[in-house]
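Asker: Sequence below, structure please.
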Amino acid sequence: MLQESAQEENVNFIDNRRHQHRHRSHKHKGIYGETEKHEQQSCPYLFCELLELDAEISGKKWIKYEETVAASRARWSKPHIPLLNQHSLHSLKNHLTKGVFLPNCDAITFNDVIEIVINEWKKNNLLQSPNDRMVKDLFLFPKCHVSSKPLGFRNCMQPLKSNSYEFDHHGEEYPSIEPLSKSEQKSIVYNKTLHEKLPSDTCAAVMFVGKSRFVNKPVSAFVRLKLASHMPSVCEINLPVSYIFVLLAPEYHANDLAHIGRCLASLLTDPAYVKHFRTANSGNELAESIDAFMEKALIIPPNKWPYEVKLHAEKVQLIDEISNNRKDSNEKHKADLEGLCYTGRIFGGLVEDVKRRLWFYKDDFMDAFVDFSAMSQVLASAMFIFLTNLANIIIFGAVMGHMLDNQMGVIECILSGCISGIAFSLFSGQPLNILSATGPVLIFESLFYKLCNMWGWNFLASRGWLSFWSSLIILLFVATDGSFLVAYITRFTEDLFATLIAIIFIVESVQSMVKIAVENPITYEPDEIFKEPPCQCVMKRGTNETTVHIVQNITSKGECNLLGGVPEGIRCNFHPDVFLFSFVLFISAFLIMLGFKLLKNSNLFPKRIRELLTNFSALISIAVTTIVKEFVGLKVPELVVPSKFQPSFERSWYVDWTNVQHWWIGLICFLPAILLTILLVMDQQITAVIINRKENKLKKGYGYHLDLLVISVLMLICGLFGLPFFVASTVLSIGHVQSLRMESPSRAPGDKPIFTGIREQRVSSFLAHLLIGISLFLTMLVQMVPLPALLGVFLYLGISCMEDQQFVHRILLFFSPVKHQPEFAFLQSVPLLRVHFYTAIQIAAFLLLCIVKYTKEISMLFPLMLFFMVLLRKLLGRLFTVRELRALDDQLPTWSELTGCRSH
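Answerer: Numbers count the residues shown, from 1 in each chain. Next comes the predicted model:
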């Protein structure tokens, strides 16, 4: 009899869509041949549960992997691979061959299934008539599933409902079991938490094994239902049941029936064999599949592997990843040329981009609101981009105002960020890119301003003609499908530029902190400060007479300025501990974001809470540091936003291009416009290539030509209103993509989170840049944010961008012993010395980029270095074999591949 305290449960979960069994049995070629024929078909997920009828304590649970429960039923072990008994496999084969096999059974309820099975047993003289009712009631007894909570069993029904009593052959009173009523079915409590993790098309397989005095010899039956049906209380999860296996043996039977059930569960969790169970027409076919299974199974010597030592799922997944990496490294890869083919038609590439992206345009907005998780992630991403981009814009705006004598400053940068960002988010081909102020553009603006001053030109009017020619050149570039050249930018070049820009973010964050330290040095001897006279307010009377007067009631320099005086003295500018407190805020913001990233992959808190905290990590870090700053009260550098909506220079918002000294100035501006175009196109397209990497699993296509068309229009707008030119920022764009990563909600315990792609939508970028524009009217709130905290976020952005760069990983291999090196795919096919040689060449190229970047005299040539890197990558084909370059880099496309889309 099944007792409330005597229950063992095994659960198996199989994902037939993700796993493909590649082995082939020579002896059982027909079985594997049929299996491979069905591999491409869509197979539903399978959840298996094994109930041992006569166990005294619940012991095991399988959800794809096996878990062992403690005696208190309060803690499960880590998921691990089951160790099977070979004798039990032979016993299972015998039961499937000689037992009852019912394919395409028409039963709907569990009661109907049991009646059909018992009738088959009676027909084959496997069960005697006096005991059939007892056996039926044994299976209909309410099921008690082991709870994941320390309270014990779940789904245990109330005491047995009986209307009559029967007596067994020993004269003992035995209750007759009736099927559950509808009210009782509704009262069943299922495992909803586990159900939410399974795909919607999951089916169940239920197995019952146990010993009973009502049978004289082992009896078994395997039932495959024609239509999966919900059977209340049979399964721990409310799923439609597709398979049912029952096995009963006498009490004196020597075999461990639980091991037989575990063997069947292992077959059902193997993608190759569960498909054969779905198509088999006899028990002999199932037995043949077991022979094939045993032929491929590995046998562990009994004295070499203790049974209590578990092979955990993480190790098995690592082995699978290594195997898959080896396969990938040996397979031939074709260059991904989506959106980069040369059509040979005027605006041919642009038309293809519009067709590709227009199909998803509605989804680009609706995908942000599919559920609460999507909305919270998009909102968090928008706030993250708003804060980081606003800080970047304000910092660059302050530097620009200093370099251009306030011809353009912070307010122009904020307005340009708002207009450019909103337009790009609505109309671009890749809205995941984030437009912002960049260093090369700032340097170009500074040099062009000096050139105009030297020649006596009107800067803003000349800059208008510059924007016109640059916009026209970009438009011609789009018309001639010039973006097909982007196909020659491979991982070699991508990693160099992405790593350089990440390091620039890190270096500039540290430099800004050093600047704070210089302006507010640490006071090692504060007593010396107080020995100085107090702050003096120098009042000027007349032209030559100066009276020094110390006003005791003045508490700030502002009061002295209001009186018309000038504050003087060391104590006037003395603010203790400013740098140290700024450093605390800087490190705190960085550590908070890093801590939330580590929290996401930890076991603390429920998954939804971890995801929510991780999504809003930037906002939380800024909010916490701002509150701490306000509470402590020390004066630290803050964001400075203009309080009035007016140009930094006394002028109108509209720039008159005709306000130039000579008509030919507009023509001469064509020459610097060529260099500016190269700078903008290179910055924009290399960022787009990095974002469109296949590792990000983007599904909505690319839009290189469409992106440049939007940039071309924005160039004209910025030239008309005297606004800075914005282009895609690599670090901010990578940060935007990382904040929108998605993982599969359907995974078994023990499985690593499966990266499924990026939440591609336009709402986060649109909302972020809209908030940047609104910040002009929220100056009091924005100015509360401490600058050191934002610098800490920049530091985190730079470091996080470097983590995923293969170039950085290969540099670390120089300092790692061979036995401790990670199992990278390229290490499986390329000798280590050759990897080091390739990395050394890349390091030399990286140092050259740094020299050009940080040398003012030649910094304008930085965009041209991209052509040099592409040429260098081409020359690497003479130093490395095709196989080595395929493992370390992307394959360069051929001209026939680039022009192959003309026929489409």
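
Asker: Does anything pack onto the longest strand along the chain? Which helices or strands?
Answerer: Assignment by DSSP state E gives strand 219-230 as the longest strand of the chain. Packing partners of strand 219-230 (3 or more Cβ pairs under 8 Å, 6 or more residues apart in numbering; DSSP states H and E): helix 86-98, strand 100-105, helix 110-123, strand 240-249. C-beta: built from backbone N, CA, C; applies to glycine.

Asker: if you set the cut-off to 10 Å instead, what comes out?
Answerer: Taking 3 or more Cβ pairs under 10 Å, 6 or more residues apart in numbering; DSSP states H and E as the contact definition, the neighbouring helices and strands of strand 219-230 are helix 86-98, strand 100-105, helix 110-123, strand 203-211, strand 240-249, helix 257-268, helix 271-279, helix 283-296.

Asker: quick one, helices of the stretch 1-150 of the chain?
Answerer: With DSSP state H, counting those that start in this stretch as the criterion, the stretch 1-150 of the chain has helices at 29-37, 86-98, 110-123, 129-140.

Asker: Would you mind giving these as TSV with distance to Asp683, mean neighbour count and mean pLDDT added?
Answerer: Written out in TSV, the entries for the helices of the stretch 1-150 of the chain read as follows (distance: least, Cβ to Cβ, whole Å; neighbours: other Cβ atoms under 10 Å; pLDDT from 0 to 100):
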stretch	distance to Asp683	mean neighbour count	mean pLDDT
helix 29-37	48	16	39
helix 86-98	62	19	88
helix 110-123	65	18	88
helix 129-140	70	18	79
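
Asker: picking up where we left off before, export the helices and strands packed on strand 219-230 to a markdown table and append columns for distance to Glu743.
Answerer: Below are the helices and strands packed on strand 219-230 laid out as a markdown table (distance: least, Cβ to Cβ, whole Å):
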| stretch | distance to Glu743 |
| --- | --- |
| helix 86-98 | 36 |
| strand 100-105 | 38 |
| helix 110-123 | 36 |
| strand 203-211 | 24 |
| strand 240-249 | 26 |
| helix 257-268 | 26 |
| helix 271-279 | 22 |
| helix 283-296 | 31 |
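
Asker: Looking at the ones you listed, spot the one closest to Leu500.
Answerer: For Leu500, the closest of the helices and strands packed on strand 219-230 is helix 271-279, at 44.2 Å, according to Cβ to Cβ.

Asker: Can you check which of the helices and strands packed on strand 219-230 gets nearest to Leu442?
Answerer: When the helices and strands packed on strand 219-230 are compared for distance to Leu442 using Cβ to Cβ, the nearest one is helix 271-279, at 55.5 Å.

Asker: can you give me the angle the closest one makes with helix 257-268?
Answerer: 100 degrees (axes from the mean of the first three to the mean of the last three Cα atoms, to 10 degrees).

Asker: which secondary structure elements does helix 271-279 contact?
Answerer: Against helix 271-279 (3+ Cβ pairs under 10 Å, 6+ apart) you get strand 8-14, helix 29-37, strand 46-52, strand 100-105, strand 219-230, strand 240-249, helix 257-268, helix 283-296.

Asker: what do you get if the cut-off is 8 Å, keeping everything else the same?
Answerer: Using 3+ Cβ pairs under 8 Å, 6+ apart as the contact definition, the elements that helix 271-279 packs against are helix 29-37, helix 257-268, helix 283-296.

Asker: Let's have those in TSV, adding distance to Pro218.
Answerer: Putting the helices and strands packed on helix 271-279 into TSV (distance: least, Cβ to Cβ, whole Å) gives the following:
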stretch	distance to Pro218
helix 29-37	26
helix 257-268	9
helix 283-296	14
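
Asker: Which parts of the stretch 401-550 of the chain are strands?
Answerer: Here the stretch 401-550 of the chain has its strands, by DSSP state E, counting those that start in this stretch, at 435-436, 536-541, 545-549.

Asker: residue contacts, Leu604?
Answerer: Arg610 (Cβ atoms under 8 Å, 6 or more residues apart in numbering).

Asker: what helix or strand is it on?
Answerer: With secondary structure defined by DSSP states H and E, Leu604 is part of neither a helix nor a strand.

Asker: For it, give its distance to Gln377.
Answerer: Relative to Gln377, Leu604 is positioned 20 Å away (criterion: Cβ to Cβ, to the nearest Å).

Asker: what about the nearest residue to Ser467 once chain neighbours are set aside, neighbour count?
Answerer: Residue nearest to Ser467 in three dimensions, not counting chain neighbours: Gly719, with 2.7 Å by Cβ to Cβ, 6 or more residues apart in numbering. Number of residues near Gly719 (other Cβ atoms under 10 Å) recorded here: 23.

Asker: cool, Glu695 as well?
Answerer: Here the neighbour count serves as a burial measure; for Glu695 (other Cβ under 10 Å) it reads 9.

Asker: Read off the pLDDT value for the closest residue to it other than its chain neighbours.
Answerer: Excluding its sequence neighbours, the residue lying closest to Glu695 (Cβ to Cβ, 6+ apart) is Asp804, at 7.9 Å. According to the prediction, Asp804 has pLDDT 78.

Asker: For Ser729, see how far away Asp804 is.
Answerer: The gap separating Asp804 from Ser729 is 17 Å, by Cβ to Cβ.

Asker: So for the two, which sits in the more crowded spot?
Answerer: Neighbours were tallied for Asp804 and for Ser729 using other Cβ under 10 Å; the higher tally belongs to Ser729 (24 against 15).

Asker: My guess is that one contacts Gln684. True?
Answerer: No. Look at Ser729 against Gln684 with Cβ atoms under 8 Å: they stay out of range, at 10.1 Å.

Asker: neighbours around Gln821, how many?
Answerer: Burial of Gln821, expressed as a neighbour count using other Cβ under 10 Å, amounts to 14.

Asker: which ones are touching it?
Answerer: 813, 827.

Asker: Neighbours of the closest residue to Glu66 other than its chain neighbours, how many?
Answerer: In space, and not counting its chain neighbours, Glu66 is closest to Pro82: 4.4 Å by Cβ to Cβ, 6+ apart. When counting by other Cβ under 10 Å, one arrives at 19 neighbours for Pro82.

Asker: State the distance from Pro82 to Val206.
Answerer: When Cβ to Cβ is the yardstick, Pro82 and Val206 sit 18 Å from each other.

Asker: same question, Val710
Answerer: For Val710 relative to Val206 (Cβ to Cβ), the value is 57 Å.

Asker: Lowest average pLDDT across the strands of the stretch 401-550 of the chain?
Answerer: Within these, confidence is poorest for strand 545-549, with a mean of 50 (mean pLDDT).

Asker: Follow the chain on from the helix or strand His769 falls within and name the next helix or strand.
Answerer: Assigned by DSSP H and E, His769 belongs to helix 763-774. Counting by DSSP H and E, the element after helix 763-774 in chain order, helix or strand, is helix 779-782.
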